[in-house]
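Visitor: Predicted model and sequence below, questions to follow.
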Amino acid sequence: MSQFHITFKEPTPNRVLIADDDPVMTHLLTTILKQQQCESVVASDGREAYRILQADSRFRAAILDMSMPFLEGLDLIHYMRSEKRLMRIPIMMITAETDIKLMSDSFSAGATAFLPKPFTVEQLEGAIRMLIGNRKPVKRSN
Amino acid sequence: MGEDITSYMTELDIENNFFISDSIANIANEVLDVEVLKAFEKIKSDYDSDFVVELIDLYLQGTPQRIQAIRKAAGEKQWIALKHNAHTLKGSSSTLGVPTVAKACEELENVTSSTSNEVVQSLVQTLESQVLQAREALIAERNRRLQPRTAFHQSGLF
């Protein structure tokens, strides 16, 4: 008699990691995310975000500020893209930097989206919609 | 000066609880892009309050500590801390439509170890002055947004 084992894949929760040391920006992001039925987990610097990611990978997306104390956004992207359990999480970088090179550096490191400040509410909402509807495919090595 | 912002209101303004005086409006026009703030009006607050006021309050609460950190970093020649704090304040200032503060922060971000102490201190003073003006404009905008609601409450209708 054969046995069938059915395993249900746990759905990706609508949780989004926000790493930014600017309370104005985190309040703006958490409120917009809530309107899109997403729960926010907020880290106020790069080190706190790193610690959260070490213990928890159940995120639908991550929104990272480029410039933060202790660990910068780019460092976090490199970490997330090197960890199997985190590598499929879409990442959006936000920054007040004007250097265009940061955008290419972010995409090279594995960012999914890049949003320079200041941005409009529509731009932010559109970017978030795109981000939470996007799950990066895992690269196959064959 | 910011706390005394209401003293600049004309009698008519206070009676109506609606309008701010021309002098305050002019200050606001120069340092605060109200259109940027208006764009946030469509966002619904979790606390059933004006979302723009929430953002203004967060900015006003956080900026004094940020300025203090910038002043300390400049005095101690801690360039990384100086740039970081200036950068963060630049971001929130541009988000809230305060370009004069954002510009002053950007100039501080460009400070290097070869910049003279006089120039650094002058840039910090410019930033402090811009922040004070922005604070007045933001408080005026905050009051303007809260007053119609207060008027309704006072009328006994709500």
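Guide: Sure thing, it's come through. Here the structure is a predicted model, which means the values were calculated and not measured. Residues are numbered from 1 along each chain as shown, chains lettered A, B, ... in the order given.

Visitor: In the chain, what residue spans correspond to helices?
Guide: No chain was given, so I picked chain A. Using DSSP state H, the helices of chain A run over residues A:23-35, A:46-55, A:73-82, A:101-109, A:121-132.

Visitor: not quite, I wanted chain B
Guide: Remark: helices assigned in chain B by DSSP H are B:11-16, B:22-31, B:34-38, B:51-75, B:79-95, B:99-109, B:117-155.

Visitor: could you give the mean pLDDT of the second one?
Guide: Averaged across helix B:22-31, the pLDDT comes to 61.

Visitor: Please give me every residue in contact with the residue in chain B that chain A sits nearest to.
Guide: In chain B, the residue that lies nearest chain A is residue B:91 (3.7 Å; C-beta to the nearest C-beta). For glycine as for every other residue, the C-beta is placed from the backbone atoms N, C-alpha and C. Residue B:91 makes contacts with A:22, A:25, A:65, A:95-96, A:117, as judged by C-beta atoms under 8 Å, 6 or more residues apart in numbering or on different chains.

Visitor: repeat that with 6 Å
Guide: Residue B:91 makes contacts with A:22, A:96, A:117, as judged by C-beta atoms under 6 Å, 6 or more residues apart in numbering or on different chains.

Visitor: which one among those gets closest to chain B?
Guide: Taking C-beta to the nearest C-beta as the measure, residue A:96 is the one of the contacts of residue B:91 closest to chain B, at 3.7 Å.

Visitor: Could you pick out the residues of chain A near chain B for me?
Guide: For chain A, the residues in contact with chain B under the definition C-beta under 6 Å from any C-beta of the partner chain are A:21-24, A:27, A:31, A:67, A:96, A:117-118, A:120-121.

Visitor: Can you go through the residues you listed and name the buried ones?
Guide: A:21-24, A:27, A:31, A:67, A:96, A:117-118 (16 or more other C-beta atoms under 10 Å in any protein chain shown).

Visitor: okay, these in TSV with distance to residue B:86 and pLDDT next?
Guide: Output for those, formatted as TSV (distance: C-beta to C-beta, whole Å; pLDDT from 0 to 100):
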residue	distance to residue B:86	pLDDT
A:21	13	94
A:22	12	95
A:23	17	95
A:24	15	96
A:27	21	96
A:31	26	95
A:67	10	90
A:96	10	85
A:117	14	86
A:118	16	85
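
Visitor: Of all pairs in those residues, which one is the farthest apart?
Guide: A:31 and A:67 (22.4 Å; C-beta to C-beta).

Visitor: Which strand residues bridge the most centrally placed residue in chain A?
Guide: Centroid check for chain A by C-alpha atoms, centre = their mean gives residue A:62 as the closest residue, at 1.4 Å. Counting by DSSP bridges, residue A:62 is bridged to residue A:17, residue A:91.
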